[in-house]
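1. sequence first, then the predicted structure:
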Amino acid sequence: MTRVGVVGATGYAGAELVRILSGHPDVELTIITSRQHSGEMFDSIYPSMAGSVNLACEEFAADHICEKADVIFMALPHKLPMELVPGLIKQGKKVIDLSADFRFHDAAKYEAYYQQHTAKDLLEQSVYGLSEIYHGKIKNADLIGNPGCYPTSVLLPLIPMLKSKLIDFNSIIADSKSGVSGAGRSVSLTTHFCEANESFKAYKVAEHRHNPEMEEILSLESGQDVNITFVPHLVPMTRGMLTTIYADLLQGVSSDDVKNCFSSFYSGSPFIRVCPEGKFPDTLHVRGTNYCDIGFKLDLRNNRVILISVIDNLVKGAAGQAVQNMNIMLGLDETKGLMNVPFAV
């Protein structure tokens, strides 16, 4: 059994990691940390875990966590992991970071949208953890920068289309809607019930810091500079994310071309489900799972394709993909611990 630890276990992504890892057949969850809840039993913070998780939260101490775990998940806000991860890597641990600190290869792009990076030497070593795209690199990695939830929902439908040269890379518009849990567990006015309930709003229009993350990967995968228009929205539901992407088709592209593109590109990818023609994804159908459902429609009148994807922002958009990456790193079946049957309603 591989020993695993979660740093920052009481945030939403951290708690989801604890939930998934506690039921994983090939790992043992040996340590969880929380600065705010140090000394408290995890099931006193999340009573739903009673009987499943019998661990107390501890203060973070690098040497102690390295003694207790072989794989360490960092579920902390941006900036903190870059201060802590180098010490863990030096002690030979495998690290999967859910913040943005190790998602970029270009430190300047990170610093333009976040803050100064203090562990730039690790950026070249880090692998971007989009599981279906970088499986081979993840397998040999010691440090994973787990993708953001918005980028996961945008990149998975777009990359096959760009690599197959079916769309004009200058025409991409991505419109995404996220449940409120995407903002994290910390209290804020924006996500207060009275502010979010009965409300549907766009925010950080054309300036969200996931934009450069997506553009770096799309440019890398297409071999040319790609800029996209990205608009995120907050939806009054707890979890779930739906992304609608619009792009101009290149000359002569048919519905069969798009269908064959997805079916061949994601052949053998257990967590990508391509909807039958005429059917479209629904966030309800992926709730609590690691699936990404993708649908499409050709708007022939305007020579445009409409791509629709859905994920659970806390699972495929965070903790589930992190566990999928761990499975790949450890040489396990990538579905281990992640194949719970979706809710019917």
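-> Everything's here; your move.

2. going forward, measure contacts between C-alpha atoms and count neighbours the same way
-> Will do.

3. how about low-confidence regions in the stretch 51-200 of the chain?
-> 187 (pLDDT under 70).

4. count the residues that sit near the nearest residue to residue 169 once chain neighbours are set aside.
-> In space, and not counting its chain neighbours, residue 169 is closest to residue 226: 6.2 Å by CA to CA, 6 or more residues apart in numbering. A count of nearby residues for residue 226, using other CA atoms under 10 Å, gives 20.

5. tell me where the stretch 101-250 of the chain has helices.
-> Under the criterion DSSP state H, counting those that start in this stretch, the stretch 101-250 of the chain contains helices at 107-113, 135-139, 149-163, 193-196, 211-222.

6. how about these, which one is nearest residue 283?
-> Residue 283 sits nearest to helix 149-163 of all the helices of the stretch 101-250 of the chain, at 11.6 Å, using CA to CA.

7. buried set for that closest one?
-> 149-162 (16 or more other CA atoms under 10 Å).

8. now render those as a markdown table, adding distance to residue 134.
-> Shown next, in a markdown table, are the buried residues of helix 149-163 (distance: CA to CA, whole Å):
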| residue | distance to residue 134 |
| --- | --- |
| 149 | 16 |
| 150 | 18 |
| 151 | 14 |
| 152 | 13 |
| 153 | 16 |
| 154 | 16 |
| 155 | 12 |
| 156 | 12 |
| 157 | 15 |
| 158 | 15 |
| 159 | 12 |
| 160 | 13 |
| 161 | 17 |
| 162 | 16 |
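
9. now, which of those residues sits nearest residue 13?
-> Closest to residue 13, out of all of the buried residues of helix 149-163 and judged by CA to CA, is residue 149, at 10.9 Å.

10. what's the burial count for the nearest residue to residue 247 once chain neighbours are set aside?
-> Excluding its sequence neighbours, the residue lying closest to residue 247 (CA to CA, 6+ apart) is residue 172, at 4.7 Å. Using other CA under 10 Å, residue 172 has 18 neighbouring residues.

11. roughly how far apart are residue 172 and residue 231?
-> 12 Å (CA to CA, to the nearest Å).

12. same question for residue 140.
-> Taken as CA to CA, the span from residue 140 to residue 231 is 35 Å.

13. cool, residue 254 as well?
-> 27 Å.

14. swap in residue 244?
-> Counting by CA to CA, the gap from residue 244 to residue 231 is 10 Å.

15. what do those two both touch?
-> Shared contacts of residue 244 and residue 231, defined by CA atoms under 8 Å, 6 or more residues apart in numbering, are found at 174, 175, 176.

16. ok, what's across the strand from the first one?
-> What it means is residue 174. residue 230, residue 245 (DSSP bridges).

17. wait, what's in contact with it?
-> 154, 228, 229, 230, 231, 243, 244, 245, 246.

18. got these as CSV, with distance to residue 321 columns?
-> Converted to CSV, the contacts of residue 174 look like this (distance: CA to CA, whole Å):
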residue, distance to residue 321
154, 15
228, 24
229, 25
230, 22
231, 23
243, 18
244, 21
245, 22
246, 25
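
19. point me to the residue sitting farthest from the middle of the chain.
-> Going by CA atoms, centre = their mean, the residue of the chain most distant from its centre is residue 301, 34.3 Å out.

20. on the three-state scheme, that one is what?
-> Secondary structure, DSSP: H, G, I helix; E, B strand; the rest coil: residue 301 is helix.

21. with residue 294 instead?
-> strand.

22. count the residues that sit near the closest residue to it other than its chain neighbours.
-> Once flanking residues are discounted, residue 294 sits nearest to residue 309: 4.4 Å by CA to CA, 6+ apart. A count of nearby residues for residue 309, using other CA under 10 Å, gives 29.

23. hmm, who's touching stretch 67-81?
-> 2-9, 11, 13-14, 30-31, 93-101, 114-115, 117, 322, 326.

24. just the buried ones out of those residues, please.
-> 3-9, 11, 13-14, 30-31, 93-101, 117, 322, 326.

25. mind listing the strands in the stretch 51-200 of the chain by residue range?
-> 57-58, 71-74, 94-97, 127-128, 143-145, 173-178 (DSSP state E, counting those that start in this stretch).

26. show me what the fifth one is packed against.
-> Counting contacts by 3 or more CA pairs under 8 Å, 6 or more residues apart in numbering; DSSP states H and E, the secondary-structure elements packed against strand 143-145 are strand 94-97, strand 127-128.

27. now those as JSON lines including distance to residue 338?
-> Shown next, in JSON lines, are these (distance: least, CA to CA, whole Å):
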{"stretch": "strand 94-97", "distance to residue 338": "17"}
{"stretch": "strand 127-128", "distance to residue 338": "20"}
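
28. which of the ones you listed sits closest to residue 108?
-> Comparing the helices and strands packed on strand 143-145 by CA to CA, strand 127-128 comes nearest, at 16.6 Å.

29. adjacent strands (with direction) for the closest one?
-> Partners of strand 127-128 in its sheet, by DSSP bridges: strand 143-145 (parallel).

30. gap between the partner strand and the chain center?
-> Chain-centre distance of strand 143-145: 12 Å, with CA atoms, centre = their mean, to the nearest Å.

31. and for it, what's in contact with it?
-> 89, 94-104, 125-129, 138, 325.

32. give me the buried stretch members for that strand, please.
-> Quick answer for strand 143-145 (16+ other CA under 10 Å): 143, 144, 145.

33. what does stretch 234-243 give?
-> Under the neighbour-count rule (16+ other CA under 10 Å), stretch 234-243 has 234, 235, 236, 239, 240, 241, 242, 243 buried.

34. noted, bye for now.
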